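**Student:** Here's my sequence, what's the structure:
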Amino acid sequence: MNFVKKLACLALGLALSPAVYARADSPLSARFTLTHIAADTWRVDYVLAEPVASIDLGTKAGAYRSRAWRVLTPGLSLVERDGQQALTSEGAPFSRVSIEVSLFLPYAEGNYTPFDRMSDGGTDIFLGFFAGEAEQDKERDRCA
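**Tutor:** Numbers count the residues shown, from 1 in each chain. Predicted coordinates for the structure are as follows:
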């Protein structure tokens, strides 16, 4: 009987273990919207499923973000730390971010071009510069 109890406990433990660790393995869901609002201006909106302390955007992309981005969400700012850029709050965690982005044609050596003008007048936008790692209580989740 003791063996059966041990086997039952092992089976129960294995059955419950994915539920215990599922949160750490599942990415934070987010909605990313890019809206063309004027000839050379776009609006970016992030809506996150849960509040975060910051969004680490990775390596600085030359002067692109600092010159072409204007953070519209009150209390949030674009900061640079050791060659990395992040969107951070001045206090409480946040779950929404709005940024106005202006056309930026220069590019930093070794980086993608943020914008490319097409011969038909259209504009190609590299979305990789908007992806980041959301930080929640010292944990990081990929978003955008």
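**Student:** C-alpha from now on. contacts and neighbour counts both.
**Tutor:** Fine.
**Student:** can you pull out the strands in the protein?
**Tutor:** Along the chain, counting by DSSP state E, strands occupy 30-38, 41-52, 54-59, 69-71, 76-81, 84-89, 94-102, 115-117, 123-125, 132-136, 139-143.
**Student:** Of these, which is nearest Glu109?
**Tutor:** strand 54-59 (12.9 Å; CA to CA).
**Student:** what packs against that closest one?
**Tutor:** Counting contacts by 3 or more CA pairs under 8 Å, 6 or more residues apart in numbering; DSSP states H and E, strand 54-59 packs against strand 84-89, strand 132-136.
**Student:** Identify, out of those strands, the most deeply packed stretch.
**Tutor:** Greatest average neighbour count among those goes to strand 132-136 (a mean of 20), per mean count of other CA atoms under 10 Å.
**Student:** can you give me how far it is from the chain middle?
**Tutor:** Counting by CA atoms, centre = their mean, to the nearest Å, strand 132-136 is centred 6 Å from the centre of its parent chain.
**Student:** partner strands of that strand, parallel or antiparallel?
**Tutor:** Under the criterion DSSP bridges, strand 132-136 sits next to strand 54-59 (antiparallel), strand 139-143 (antiparallel) in its sheet.
**Student:** weakest of the ones you listed by average pLDDT?
**Tutor:** Within these, confidence is poorest for strand 139-143, with a mean of 50 (mean pLDDT).
**Student:** before we move on, back to that, which stretch in the strands of the chain is the model least sure about?
**Tutor:** Among those, strand 139-143 scores lowest, at a mean of 50.
**Student:** Dump the strands of the chain into a markdown table; add distance to Glu109 as well.
**Tutor:** Shown next, in a markdown table, are the strands of the chain (distance: least, CA to CA, whole Å):
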| stretch | distance to Glu109 |
| --- | --- |
| strand 30-38 | 25 |
| strand 41-52 | 24 |
| strand 54-59 | 13 |
| strand 69-71 | 19 |
| strand 76-81 | 19 |
| strand 84-89 | 16 |
| strand 94-102 | 20 |
| strand 115-117 | 14 |
| strand 123-125 | 17 |
| strand 132-136 | 21 |
| strand 139-143 | 26 |
